[in-house]
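> dropping the sequence and predicted coords here.
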Amino acid sequence: MIHAVQRPQAHTETHCLPEQYAEMYRRSIETPDAFWLEQAQRLDWFKAPAQGGEWSYDPVGISWFEDGTLNLCHNAVDRHLATNANRTALIFEPDDPAASGRSLTYGELHREVLRMANALKAMGVKKGDRVTIYMPMIVEGVTAMLACARLGAVHSVVFGGFSPEALASRIEDCDSRFVVTADEGLRGGKRVPLKANVDAALAEPDHDTPIDGMLVVRHTGAEISMTEGRDYWLDDLATDADCPCEEMAAEDPLFILYTSGSTGKPKGVLHTTGGYGVWTAATFHYIFDYQPGEVFWCTADIGWVTGHSYIVYGPLINGATEVVFEGVPSFPDHGRFWDVVDKHKVNILYTAPTAIRALMREGDDYVTTRSRASLRLLGSVGEPINPEAWRWYFDVVGEGRCPIIDTWWQTETGGCMITTLPGAHDMKPGSAGLPFFGIRPQLVDNEGGVLDGAAEGNLCITHSWPGQARTVYGDHDRFVQTYFSTYAGKYFTGDGCKRDKDGYYWITGRVDDVINVSGHRMGTAEVESALVLHPKVAESAVVGYPHDLKGQGIYCYVTLNAGEAGSPELLAELRAWVRKEIGPIATPDLIQFTDGLPKTRSGKIMRRILRKIAENEFGSLGDTSTLADPSLVERLIEGRQNR
Ligand code: ATP
Ligand code: MG
């Protein structure tokens with residue numbers, strides 16, 4: 001396996017140098033309240049907080065900056081007006097590269113937010129109300145979130161690719177009486193009937209949350225049906241009259257966001273205002289090392305936490321200029337990302353391993369035919385990035401000159417938790433790196449015994465941090481059960497992890513996915529990374545299945561690079577390959593070639609479904625509502641190797 005260390009190029013004005021990191025990290029651990037109250041000054045407060053963190057993991061109760069009051073829309077927009085009203089805030093890049101984009105200064109963003117906020121207010125939205133946002137990746141998706149924050153309403157963004165059923169259950173779960181949507185969305189040249197989907201969701205037989213108002217943004221101009229007295233066009237209600245920011249308590253809810261559903265039924269994670277604001281502001285500042293005048297681009301959708309923290313709150317609170325991209329990496333061809341990078345002179349790119357692997361599969365030409373000269377820093381988030389994909393991202397995309405930050409975090413953590421800092425740390429391909437300020441990771445064995453030094457175990461966090469989720473909406477018990485009951489007094493992430501002798505953390509995958517072969521515990525990420533190293537393999541997912549002799553056998557699902565086909569020879573070659581890369585213990589027992597892997601809509605592999613198929617128990621696949629391509633499951637069952 002590749003374990004080389006790459007020295008990142010230090011930026012001349014880098015935010016954090018190695019000595020500074022060590023000193024700041026020490027302070028953040030020894031005097032967390034003082035440290036975070038100081039970081040809280042990154043925000044404007046109506047009333048500055050004097051209280052730091054007041055929290056307990058047993059019983060579970062978490063608060064930060066409790067006596068402070070603020071508004072995050074003010075922090076993301078209004079406060080930039082005095083000095084930076086003419087700075088570009090958003091650069092909108094439409095799905096169709098030939099369509100005209102749009103770019104908004106902070107002054108123009110402010111006006112758009114006022115229009116949206118006044119429209120929501122006209123429908124009756126007020127402080128504390130839940131508002132479901134079901135939007136394409138357009139400017140109004142961002143302004144809808146900010147407008148809710150302005151009014152003190154709690155946004156619940158549902159990814160625009162979700163079905164009416166998935167949307168209905170999320171509206172129901174948080175009892176949301178308002179919806180913001182668009183006539184249609186556009187993704188990869190295809191139209192997505194958003195308004196019609198909301199209508200279908202509300203017509204679901206078991207849906208009984210009454211909707212008081214639905215605000216519709218005209219985007220494609222498609223014919224849609226409007227229900228009198230319930231549905232309103234944004235343009236009919238919007239005015240740019242003044243609309244003051246509500247004074248919110250630090251612990252007032254900011255948003256609810258449902259997790260990806262990789263491991264089961266999605267959880268409605270609740271974040272509050274002050275702590276989340278400080279966390280996204282500070283992490284964006286230090287980790288993305290943003291310099292004034294630079295262009296930042298996070299390719300996530302606002303439907304995921306990455307879009308919340310690093311498209312909306314983090315960058316805008318920091319007054320950054322950023323790209324908002326409506327499309328997909330493969331349209332009109334696999335060079336789209338690099339076209340966008342060149343067109344808008346993107347300096348910092350933040351994307352996901354699933355996109356990197358998909359682009360890598362198509363060959364280097366799509367990349368090398370574009371300049372990419374503006375790129376300075378590359379980021380990854382969402383899954384472990386295989387060393388092979390890391391290398392490609394570093395060598396081909398970044399031409400060896402851009403540091404990579406591999407940021408480990410979760411919907412529940414609010415923002416990045418483990419990552420190297422550009423300029424401050426060496427990088428190791430496949431390792432997320434070191435804890436961010438204030439984060440105290442701990443590895444424990446299955447009995448909860450603490451593991452010191454270089455070790456592998458279950459990843460917990462022992463102390464609260466400002467960006468931590470406060471509860472699961474309407475189900476505090478589930479919050480306590482899911483995160484704080486496995487190892488008493490600790491936040492359990494659900495992820496397995498290795499710590500090396502340098503203190504670097506290597507996420508090995510979900511703990512549920514660990515396989516035990518003849519008494520040897522193995523993370524799925526390791527076997528997958530070995531497979532992906534093979535020149536013909538594009539992507540792989542590995543799961544365990546019951547095996548008479550070994551306890552568990554290793555079952556590998558493999559997709560091949562464009563133009564390659566599976567064969568018995570390749571199968572034998574792959575078995576030998578993994579054996580050579582990791583050792584005989586990791587030799588795959590069964591390999592299934594497939595044209596795709598089941599993924600959540602955010603691009604994460606759903607191993608729990610693959611496990612069921614490998615176990616030959618595909619009658620009960622569990623919650624599949626967040627699956628991107630349900631038809632794939634039939635084909636996977638058809639081609640199963642354990643019969
Ligand atoms: P659910 O909780 O519903 O199963 P989910 O865990 O996929 O869904 P998210 O909060 O979007 O929902 O994903 C967080 C998880 O993604 C982490 O727990 C981890 O497994 C994985 N992850 C995110 N970033 C990284 C990274 N840089 N390296 C390794 N794993 C990562
Ligand atoms: Mg999770």
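Received, thanks. Ligands and ions are numbered 1, 2, ... in the order given.
> other residues contacting the longest helix along the chain?
Longest helix of the chain, by residue count under DSSP state H: helix 106-123. For helix 106-123, the surrounding residues in contact (C-beta atoms under 8 Å, 6 or more residues apart in numbering) are 73, 77-78, 80-81, 84-87, 89-90, 104, 131, 139-140, 143-144, 146-148, 150-151, 153, 178, 180, 212-213, 215, 232, 234, 237-243, 316, 319. Using the backbone N, CA and C atoms, a C-beta is placed for each residue, glycine as well.
> which among the residues you listed count as buried?
73, 77-78, 80, 84, 87, 89-90, 104, 131, 139-140, 143-144, 146-148, 150-151, 153, 178, 180, 213, 215, 232, 234, 237-238, 243, 316, 319 (16 or more other C-beta atoms under 10 Å).
> please flag which of those residues sit within helices.
Using DSSP H, the buried ones among the contacts of helix 106-123 in helices are 73, 84, 139-140, 143-144, 146-148, 150-151, 234, 237, 316.
> below-threshold pLDDT in the stretch 251-400 of the chain: ranges please.
Scanning the stretch 251-400 of the chain for pLDDT under 70 picks out nothing.
> what residues does it put near ligand 1?
259-263, 266, 305, 381-384 (C-beta under 6 Å from any ligand atom).
> between all of these, which two are separated the most?
Using C-beta to C-beta, the pair of those lying farthest apart is Pro266 and Pro384, separated by 21.2 Å.
> and the two? Which one has more around it.
Using other C-beta atoms under 10 Å as the criterion, Pro266 and Pro384 rank with Pro384 on top: 26 against 21.
> quick check: that one vs Leu560, distance?
For Pro384, the distance to Leu560 equals 21 Å [C-beta to C-beta, to the nearest Å].
> what do you get for Arg608?
In terms of C-beta to C-beta, Arg608 sits 24 Å off from Leu560.
> ok, Phe436 next?
Taking C-beta to C-beta, one finds Phe436 at 37 Å from Leu560.
> show the pLDDT at the residue of the stretch 51-200 of the chain found nearest ligand 1.
Minimum separation of the stretch 51-200 of the chain from ligand 1 (C-beta to the nearest ligand atom) falls at Phe159, amounting to 11.1 Å. pLDDT, Phe159: 94.
> okay, now it: neighbour count?
Neighbour tally, Phe159, other C-beta under 10 Å: 22.
> so it makes contact with Ala300?
No - with contact defined as C-beta atoms under 8 Å, Phe159 and Ala300 do not form a contacting pair (10.2 Å).
> who touches both of those two?
With C-beta under 8 Å, 6+ apart, Phe159 and Ala300 have common neighbours Ser602.
> what does this structure put close to ligand 1?
Residues of the chain lying near ligand 1 by C-beta under 6 Å from any ligand atom: 259-263, 266, 305, 381-384, 406-411, 432, 493-495, 507, 510, 602, 604.
> try 5 Å
259-263, 381-382, 384, 406, 408, 410-411, 495, 507, 604 (C-beta under 5 Å from any ligand atom).
> now do the contacts for the nearest residue to Asp175 once chain neighbours are set aside.
Counting by C-beta to C-beta, 6 or more residues apart in numbering, Asp175 lies nearest to Thr209, which is 5.8 Å off, once chain neighbours are set aside. Residues in contact with Thr209 (C-beta under 8 Å, 6+ apart) are 171-172, 175-177.
> what subset of those is buried?
For these, buried by 16+ other C-beta under 10 Å: 171, 176-177.
> those residues in strands, which ones?
Applying DSSP state E to the buried ones among the contacts of Thr209, no entry is found in strands.
> what is the lowest-mean-pLDDT helix or strand in the chain packed up against?
Lowest on mean pLDDT, DSSP states H and E among the helices and strands of the chain sits strand 520-522, with a mean of 83. Counting contacts by 3 or more C-beta pairs under 8 Å, 6 or more residues apart in numbering; DSSP states H and E, strand 520-522 is packed against strand 515-517.
> which secondary structure element contains Phe255?
Using DSSP states H and E, the element containing Phe255 is strand 253-258.
> next structured bit after that strand?
Strand 253-258 is succeeded, C-terminally, by strand 268-272 (DSSP H and E).
> name the nearest residue to the closest residue to ligand 1 within the stretch 301-450 of the chain, sequence neighbours excluded.
Using C-beta to the nearest ligand atom, the closest approach of the stretch 301-450 of the chain to ligand 1 is made by Thr411 at 3.4 Å. Closest residue to Thr411 apart from its sequence neighbours, by C-beta to C-beta, 6+ apart: Val305 at 4.3 Å.
> quick one, what contacts the one you found?
Val305 touches 257, 269, 410-411, 414, counting by C-beta under 8 Å, 6+ apart.
> tell me where the chain is predicted with low confidence.
Using pLDDT under 70, the flagged stretches of the chain are 1-14.
> middle-most residue in it, spatially?
The centroid of the chain falls nearest to Thr306 when counting by C-alpha atoms, centre = their mean (3.5 Å).
> show the contacting residues for the residue of the stretch 51-200 of the chain closest to ligand 1.
301, 303-304, 601-602.
> which SS state does it fall under?
Taking DSSP: H, G, I helix; E, B strand; the rest coil as the rule, one finds Phe159 in the coil state.
> for it, phi and psi?
In terms of degrees, to the nearest 10, the main-chain angles of Phe159 are phi -50, psi 130.
> once you drop chain neighbours, what's closest to it?
Spatially, and ignoring its direct neighbours in sequence, Phe159 is nearest to Gly303 (2.8 Å; C-beta to C-beta, 6+ apart).
> the one you found against Val158, yeah?
Yes - using C-beta under 8 Å, Gly303 is in contact with Val158, at 6.4 Å.
> neighbours of Gly293, just the number please.
10.
> all helices of the stretch 351-500 of the chain, in order?
353-361, 365-368, 387-392, 476-484 (DSSP state H, counting those that start in this stretch).
> quick one, which of those gets closest to Gly596.
Smallest distance to Gly596 across the helices of the stretch 351-500 of the chain (C-beta to C-beta): 10.4 Å, for helix 353-361.
> ok, residues contacting the closest one?
So helix 353-361 is in contact with 299, 329-330, 334, 337, 366-367, 380, 382-386, 389, 392-393, 396-397, 532, 538-539, 559, 561-562, 599, 603-604, going by C-beta under 8 Å, 6+ apart.
> before we move on, the earlier item: could you export the residues of the stretch 251-400 of the chain next to ligand 1 as JSON lines, including distance to Leu632?
Shown next, in JSON lines, are those (distance: C-beta to C-beta, whole Å):
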{"residue": "Thr259", "distance to Leu632": "21"}
{"residue": "Ser260", "distance to Leu632": "17"}
{"residue": "Gly261", "distance to Leu632": "16"}
{"residue": "Ser262", "distance to Leu632": "16"}
{"residue": "Thr263", "distance to Leu632": "19"}
{"residue": "Pro266", "distance to Leu632": "20"}
{"residue": "Val305", "distance to Leu632": "25"}
{"residue": "Val381", "distance to Leu632": "24"}
{"residue": "Gly382", "distance to Leu632": "19"}
{"residue": "Glu383", "distance to Leu632": "18"}
{"residue": "Pro384", "distance to Leu632": "22"}
